[in-house]
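Visitor: Predicted model and sequence below, questions to follow.
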Amino acid sequence: MRKALLAERLFEPLSRNIIIKDKVRDAFRDSPNDLRVQINQSLDALSAHLDGIQATAKSKTFKKLKGNPVPPASHELYVTSGAGAKRLFGHYKDGQFVIDDLADHL
């Protein structure tokens, strides 16, 4: 039941410290249900991390990018792993984390 709900739509992040760009919302809409579930779960994990409630699990790693491979993003959040791995890419602005894109792992 929970997975069916998480696949239904992109839920607003639990943290007020996260902003989701329209490009990510569009990518979510075009994603298969299993990926939609994982995107919402990743946003929940990031919300808890940014609000200091708990660290992200290894499967939802949140880390700074090396170099500048996908500007303006400075960080990546693991959504899926393995073949065809997906990441949410974003950057900090004015004390908030802006999620710019959902894309393949670099």
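Guide: Now that the structure is in, tell me what you want to look at.
Visitor: As a check, name the ranges of all strands in this structure.
Guide: Secondary structure of the chain (DSSP state E): strands located at 18-20, 62-64, 75-78, 86-93, 96-104.
Visitor: How about the residue nearest the centre of the chain, nearest residue that isn't a chain neighbour?
Guide: The residue lying closest to the centre of the chain (CA atoms, centre = their mean) is residue 88, at 4.0 Å. Spatial nearest neighbour of residue 88, excluding adjacent residues (CB to CB, 6 or more residues apart in numbering): residue 77 at 4.3 Å. The way it works is simple: take the backbone N, C-alpha and C, and place the C-beta from them, glycine included.
Visitor: hang on, the earlier thing: would you list the strands of the chain in CSV and tack on mean pLDDT and distance to residue 40?
Guide: Shown next, in CSV, are those (pLDDT from 0 to 100; distance: least, CB to CB, whole Å):
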stretch, mean pLDDT, distance to residue 40
strand 18-20, 97, 11
strand 62-64, 95, 16
strand 75-78, 96, 12
strand 86-93, 97, 11
strand 96-104, 96, 12
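Visitor: does residue 49 really touch residue 61, like I thought?
Guide: No: at 10.2 Å, residue 49 does not count as touching residue 61 under the criterion of CB atoms under 8 Å.
Visitor: These two: which is more packed in?
Guide: Per other CB atoms under 10 Å, whichever of residue 49 and residue 61 has more neighbours is residue 49, with 19 against 14.
Visitor: which residue ranges form the helices in the protein?
Guide: 2-8, 22-29, 33-50 (DSSP state H).
Visitor: Out of the ones you listed, which gets nearest to residue 65?
Guide: helix 33-50 (15.2 Å; CB to CB).
Visitor: and the closest one, average pLDDT?
Guide: Mean pLDDT, helix 33-50: 95.
Visitor: Now do that helix: which elements does it pack against?
Guide: In terms of contacts (3 or more CB pairs under 8 Å, 6 or more residues apart in numbering; DSSP states H and E), helix 33-50 is packed against helix 2-8, strand 18-20, strand 62-64, strand 75-78, strand 86-93, strand 96-104.
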